[in-house]
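In: Sequence first, then the predicted structure, then my questions.
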Amino acid sequence: QQQVKQSPQSLIVQKGGIPIINCAYENTAFDYFPWYQQFPGKGPALLIAIRPDVSEKKEGRFTISFNKSAKQFSLHIMDSQPGDSATYFCAASMAGGYNKLIFGAGTRLAVHP
Amino acid sequence: EAQVTQNPRYLITVTGKKLTVTCSQNMNHEYMSWYRQDPGLGLRQIYYSMNVEVTDKGDVPEGYKVSRKEKRNFPLILESPSPNQTSLYFCASKPRGMNTEAFFGQGTRLTVV
């Protein structure tokens, strides 16, 4: 119930394509869903986050779609660029205490020129 | 510059030789935590701390110790490292509050032979 399942494990797109990364969860107590971006040799950094009271959030070329009834959320990268090549982690947490982040397994994205 | 600093960045050690990975943050954050990152498993929390002298186990605490004697520092101690602790380790800090952003260090790649 504490798991967050992420797919695909890896993804290759051409420049300008729209990669989509999917995540699913079971615990309905989760109330915060961030995405972290990690470049090689660096720590993860917050990219965008959503709460379950909205179905979509956009920040620049990055969009989170959220389906509360299906317990799924996804990251879309519009007009992807080679500089977007990184590993992406979805995560979930619930209110109270430390607000521990439960991470998905990660998706390694490669955007080819 | 606001940052989380881990040292060392790379470490190769032998089974059973005690080691410490240091973590320091300059953002005056109350919350700090340690994660390990393994292929196909994402990031898993080892230990966390909500304040000075307040620490608790995460999801994979076996074989690790931590201490929080000062607000800015949160060292990770492996008293008798084993090969299954070979991994990429990240320290993170975040301010107190509901679902605040976590800031990660650059990582420590540990190899135990």
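Out: Happy to help now that I have it. Numbering: from 1, shown residues only, chains lettered A, B, ... in the order given.

In: hang on, residue A:97 in a helix?
Out: No - going by DSSP: H, G, I helix; E, B strand; the rest coil, the assignment for residue A:97 is coil, not a helix.

In: Next up, the contacts around it.
Out: Residues in contact with residue A:97 (CB atoms under 8 Å, 6 or more residues apart in numbering or on different chains) are residue B:50. Where C-beta positions appear, they are placed from N, C-alpha and C, glycine not excepted.

In: For it, give its distance to residue A:24.
Out: Using CB to CB, to the nearest Å, we find residue A:97 at a distance of 24 Å from residue A:24.

In: now do residue A:91
Out: Applying CB to CB to residue A:91 and residue A:24 gives a distance of 13 Å.

In: Same check on residue A:79?
Out: Computed as CB to CB, the residue A:79 to residue A:24 distance reads 26 Å.

In: Likewise for residue B:71?
Out: Taken as CB to CB, the span from residue B:71 to residue A:24 is 37 Å.

In: The residue nearest to residue B:79 when sequence neighbours are not counted - how many residues pack around it?
Out: Take residue B:79 and drop its neighbours on the chain: the residue closest to it by CB to CB, 6 or more residues apart in numbering or on different chains is residue B:18, 5.2 Å away. Applying other CB atoms under 10 Å in any protein chain shown, we find 10 residues neighbouring residue B:18.

In: residues in contact with residue B:18?
Out: Counting by CB under 8 Å, 6+ apart, residue B:18 makes contact with B:77-81.

In: want to throw those into a markdown table with pLDDT and distance to residue A:75?
Out: A markdown table is the format used below for the contacts of residue B:18 (pLDDT from 0 to 100; distance: CB to CB, whole Å):
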| residue | pLDDT | distance to residue A:75 |
| --- | --- | --- |
| B:77 | 98 | 36 |
| B:78 | 98 | 34 |
| B:79 | 96 | 39 |
| B:80 | 97 | 40 |
| B:81 | 98 | 36 |
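
In: Just the buried ones from these?
Out: Buried subset of the contacts of residue B:18 (neighbour count, 16 or more other CB atoms under 10 Å in any protein chain shown): B:78, B:81.

In: quick check, nearest of the contacts of residue B:18 to residue B:8?
Out: Taking CB to CB as the measure, residue B:8 lies nearest residue B:78 of those, at 13.0 Å.
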